[in-house]
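[1] curious how this folds, go ahead:
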Amino acid sequence: MLSVKLFARARDLAGSPIIQIPWSDGLTVASLKQRLGELHPAVLPLVPRLLVAVNNDYAGDSTIVKVTDEVACFPPVSGG
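    Predicted structure coming up:
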């Protein structure tokens, strides 16, 4: 299982600050977003715009994620 920290609106919609996603090493951030939407449909509207950090660095959709990585998801933030 992959532990994923959720922040802001993503956390609110999922109903938890940390979720567990069934995972196999070698899957990508794109797979993570897809599974997040499948497991927590309320978060689905945010998925295309989610920022994902893997081990404290923002990651693109093709980044490979290992089950031991620290993963966090942030919706885009606006303001001034």
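
[2] helix/strand/coil for the spatially most central residue of the chain?
    For the chain, the residue sitting closest to the mean C-alpha position, by CA atoms, centre = their mean, is Cys73 at 4.1 Å. For Cys73, the assignment made with DSSP: H, G, I helix; E, B strand; the rest coil gives strand.

[3] my read: it touches Arg9, true?
    No - in this structure Cys73 lies outside contact range of Arg9 using CB atoms under 8 Å: 10.4 Å. All C-beta spots, glycine's among them, are computed from the backbone N, C-alpha and C.

[4] residue ranges with poor pLDDT in this protein?
    The model of the chain has pLDDT under 70 over residues 78-80.

[5] just the helices in it please.
    Ranges of helices in the chain, per DSSP state H, are 8-14, 29-39.

[6] can you get me the centre-to-centre distance for the shortest one and its chain?
    What it means is helix 8-14. The chain centre lies 11 Å from the centre of helix 8-14; the measure is CA atoms, centre = their mean, to the nearest Å.

[7] and for stretch 10-23?
    Its chain's average C-alpha position is 8 Å from that of stretch 10-23, according to CA atoms, centre = their mean.

[8] in it, what counts as buried?
    Ala10, Arg11, Leu13, Ala14, Ile19, Ile21, Trp23 (16 or more other CB atoms under 10 Å).

[9] on that earlier part again, to Val77, which of the helices of the chain lies closest?
    Relative to Val77, the nearest member of those by CB to CB is helix 8-14, separated by 7.1 Å.

[10] ok, residues contacting the closest one?
    Contacts of helix 8-14 with the rest of the structure, by CB atoms under 8 Å, 6 or more residues apart in numbering, involve Leu6, Pro17, His40, Ala42, Val43, Leu46, Leu50, Cys73, Phe74, Pro75, Val77.

[11] picking up where we left off before, now the helices of the chain as CSV including distance to Val67?
    Listed next are the helices of the chain as CSV, based on distance: least, CB to CB, whole Å:
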stretch, distance to Val67
helix 8-14, 19
helix 29-39, 11
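
[12] for Leu2, find the nearest of those.
    Where the helices of the chain are weighed against each other on CB to CB, the nearest is helix 29-39, at 7.4 Å.
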